[in-house]
Structure formats: structure tokens, C-alpha cells
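Visitor: Just need the structure, nothing else, for what follows:
(chains A, B, C and D)
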Number of protein chains: 2
Amino acid sequence: MHSEPVASRSADPRDSRDTRESRNGTPHLDAVSLAIIEQLQQDGRRPYAAIGKAVGLSEAAVRQRVQKLLDQGVMQIVAVTDPLTVGFRRQAMVGVTVEGDVESVADALSSMGECEYVVMTAGSFDLMVEIVCEDDDHLLEVINKRIRAVPGVRSTESFVYLKLKKQTYMWGTR
Amino acid sequence: MHSEPVASRSADPRDSRDTRESRNGTPHLDAVSLAIIEQLQQDGRRPYAAIGKAVGLSEAAVRQRVQKLLDQGVMQIVAVTDPLTVGFRRQAMVGVTVEGDVESVADALSSMGECEYVVMTAGSFDLMVEIVCEDDDHLLEVINKRIRAVPGVRSTESFVYLKLKKQTYMWGTR
DNA sequence: CCCAAGGTTTGCGGATTCCGTAGCTCTTCT
DNA sequence: AGAAGAGCTACGGAATCCGCAAACCTTGGG
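Guide: Just a heads-up that it's a prediction; the model follows:
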């Protein structure tokens, strides 16, 4: 592995101090924080000292930045698995079309524990929702009783998962 | 927080030794390993000793189990973010219909770096693929040039992401 | 120009955690 | 019964984590 600091690309030191907020309210991330995230995408348990060496920062500075990123909700460090491997036998992606306010419907779906992933989209669906369930009965209940009962939901189309082929979080390392 | 061991529900000690393989080749997970995963879904950096206290195992045993889960590919511990927050301006879910062998198409798509998530489904699409790109040009190229060029791809439909509303990995804690 | 204020980084020392390993137990196979 | 293998515990040394005070840098007045 290279010991060359990843962030050395950004010659301008002001990059490291830019904390402006972008239009959607999410904090602006400088090159160093991106490099830290990239390290943790490769291994969420990598020691702070090793990250510091890679990005050109002290151990304590990395620790404080990581803590802030977690506090701000920009990043989370978690274990991820294929739910099918871990006993959740039925999963589905559900496309939802909405009449009226899309965001309020999205909020309603987000509040359901079975909805792991909710995203607003452009196209023939207004929302895409990933559902994780115990079994067929559970999945049926969530889709037909709960989701379709939300005011504003016009229609849904379901895509039941057969097999997860790929799941990565490596986009930082391209 | 409770100090009561989570796994104490499973009274039968044989549960802890069951390492049979299920039909699809993925290892069987006992109640203790599930409890460990659940702990790491809450906080991927939680110390082994704390996990051990929660699941009723020694620190070393937890460490060995975690290492094995990682080696087997059952679980990965990583940082996750909303890519839109981190400079990837265009994402999309793409539904793909296939003629011929679906799995070989899935493998081809999985080999593309921009495809973060590939799943085989039942329904009007054979595959759902999540794409992460830098900008519109990049997204256009991936969908129209690369994905549609894969032998066996009959058609695609794209759903460009407007806003990520929810993203969790907490199904273990329901 | 100078200084105060706020935020970030660094450099510690102590507490905690990580890590390899040896020994024990239990199960399985011959 | 004995051997082999898997999993767990105990334990000590190395590495890491963590809180804190001092130093540093930038900004905005006065």
C-alpha cells in the first residue's frame, strides 16, 4: 500500500477549511474529509492513526473529524449484509406513483420499519422503496395494506428479490 | 442500556455450533452471530468486549466470529453516506429486461464500477441496478453505451434519483 | 495594524482495546 | 477409546482510543 497522503492532490490549503453549507443544507465536505470517508469505506474499523497517515493528519484530528461526520449524519459506520443470508426471506423493490405531495408520502413510508431504503425519483415512478420482510405474508401485508393505505399513493409495482448479486460502497475509491 | 445477554433467548447450546450450509451455499448463522451482527449494525466500531457483554461471549470469541463473518463475506463493516452529499451528482435505479441467461447479464453489470447494487428480481424487470455517477454525461454513457451494449439486455428503464429520504441497516433490531 | 474570538490541529499520558496464542471442552469420526 | 477439529476462555504485550491543554490559523472588528 502507498504511504503517500491521498489528500496531497489538493494543493490549496483553503480546501481544508471550507465549511460552507450547500443549497440542500448538507455540509460541504473538503478533500481531507472525503479521503477519510474513502478510507472508512474500505474498512470501517481502520485505526485512526492509519487513516491519519493516509490522509496527512494526526490521529486526534482524524478522530475528531470522524466524530463530527457521524454527529452531522453525513456518514455512518455499520455492518451490512445480504438480508437473505440472515433470515429475512422476502425482499422487494417497490415503485410508487403519487398524487399530490410526494415528499409527505416519502416521509410516511420512511417511518415504516420494513422500508429500509426510500428515494424520490424522476421517471414512471415517483418513489422507489426497498422492503425487507420475514416472509410472504409479511411482505403482502406491508405492500397491500400499509403502503397502499398511505394517502396520496396512487399505485405500486413490486419487484420481488430473487438474488442479490452485488452490493458495494466503494464509489469513493474510483 | 441493558446488560442482559441478547442471545439468552436461545436456551439450546447446540444452536451455537450449527454451521451447516443452506441450499444456496451461504453459511448458516446461529443466534449468537445474528446478535453480533445486530450490535455492529448499530455501531460498526463498537469494541469487541462490549459486544461480548451484550451477546454473552468473551472478547476473543467475538473477535474470532467477526473475523470469520468478514472472511466469509457474510458481513462487511463500512462507512456509508448519501453519495449526493459527497459529490456524486447523478444516481439512478435502472430496471433491466433480459433475453436469455439473466445471471450472466447480472455478472456483466456487476463488473462495472458504476453499478453499486445489482439484484435479480421477479416482475416486469429481470434486474434492478443502482448506478452512481459523477454527472449527467457520465450517467448517460453508462446507461446508453455500456449497459445496453451487454449481450442479452433487451431494454432498460431509468429512474433518476432526486432525493434520498431513508437509508438504514437496522433490520436486525426489529 | 493589532488583537480578540472561534474553529482546527497537534502532542501528550492514561485507560482501554486489540491481537496472538496456549490450553480446555465438546463433538465427530474411525 | 483415541485422534482430529472447531470453538471458547484466559492472559499478557502491543497498539489504539480518548480527553485535554496548548499551539495554530483564519476572520472580523476596532
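Visitor: three-state assignment of the closest residue to A:Arg174 other than its chain neighbours?
Guide: Leaving aside its chain neighbours, A:Arg174 sits nearest to B:Gly113 (5.4 Å; criterion: CB to CB, 6 or more residues apart in numbering or on different chains). Using the backbone N, CA and C atoms, a C-beta is placed for each residue, glycine as well. The three-state label given to B:Gly113 by DSSP: H, G, I helix; E, B strand; the rest coil is coil.
Visitor: Tell me how far B:Gly113 lies from DNA strand D.
Guide: 28 Å (CB to the nearest atom of the strand, to the nearest Å).
Visitor: what's the neighbour count on that residue?
Guide: As a burial measure, B:Gly113 scores 12 neighbours (other CB atoms under 10 Å in any protein chain shown).
Visitor: Verify the stated contact: A:Thr156 with A:Arg146.
Guide: No - look at A:Thr156 against A:Arg146 with CB atoms under 8 Å: they stay out of range, at 10.8 Å.
Visitor: A:Val132 belongs to a strand?
Guide: Yes - looking at A:Val132 with three-state DSSP, it is inside a strand.
Visitor: show me the contacts for it.
Guide: Listed by CB atoms under 8 Å, 6 or more residues apart in numbering or on different chains, the contact set of A:Val132 reads A:83, A:88, A:91, A:114, A:116, B:171.
Visitor: quick one on the thing from earlier: surely the residue nearest to A:Arg174 and A:Thr173 touch.
Guide: No - with contact defined as CB under 8 Å, B:Gly113 does not reach A:Thr173; the gap is 9.1 Å.
Visitor: what about the lengthiest strand in chain A, average pLDDT?
Guide: Across chain A, the longest stretch assigned as strand under DSSP state E is strand A:153-167. The pLDDT scores in strand A:153-167 average 96.
Visitor: Also stretch A:117-127?
Guide: Rounded mean pLDDT across stretch A:117-127 is 97.
Visitor: So that stretch, near chain B or not?
Guide: Yes - applying CB under 8 Å from any CB of the partner chain, one finds stretch A:117-127 touching chain B at A:117-125.
Visitor: Among these, which one has the most neighbours?
Guide: Neighbour counts for those, by other CB under 10 Å, peak at A:Val118, which reaches 25 neighbours.
Visitor: List the contacts of that one.
Guide: A:Val118 makes contact with A:106, A:109-110, A:127-130, B:164-166, according to CB under 8 Å, 6+ apart.
Visitor: now swap in A:Thr81 and tell me
Guide: Residues near A:Thr81 by CB under 8 Å, 6+ apart: B:37, B:74-76.
Visitor: Which of these sits closest to B:Leu139?
Guide: B:Gln76 (26.0 Å; CB to CB).
Visitor: Now that closest one: phi and psi?
Guide: In terms of degrees, to the nearest 10, the main-chain angles of B:Gln76 are phi -130, psi 150.
Visitor: Could I get the contacting residues of the nearest residue to it once chain neighbours are set aside?
Guide: Excluding the flanking residues, the one nearest B:Gln76 by CB to CB, 6+ apart is A:Val80, at 5.7 Å. Contacts here follow CB under 8 Å, 6+ apart; on that basis A:Val80 touches A:167, A:169, B:41, B:75-78, B:80, B:169.
Visitor: so which of those residues is the most crowded?
Guide: Using other CB under 10 Å as the neighbour test, the contacts of A:Val80 are led by B:Met75, with 25 neighbours.
Visitor: partners of the nearest residue to A:Gln167 once chain neighbours are set aside in the sheet?
Guide: Nearest residue to A:Gln167, sequence neighbours excluded (CB to CB, 6+ apart): B:Tyr117, at 5.7 Å. With DSSP bridges applied, B:Tyr117 shows beta-bridge pairing to A:Gln167, B:Glu130.
Visitor: Outside of whichever strand or helix holds A:Ser104 itself, list whatever touches it.
Guide: If you go by DSSP states H and E, A:Ser104 is part of helix A:102-110. Residues outside helix A:102-110 that contact it (CB under 8 Å, 6+ apart) are A:96, A:98, A:115, A:118, A:120, A:126-127, A:129, A:147, A:150-153, B:163, B:165-166.
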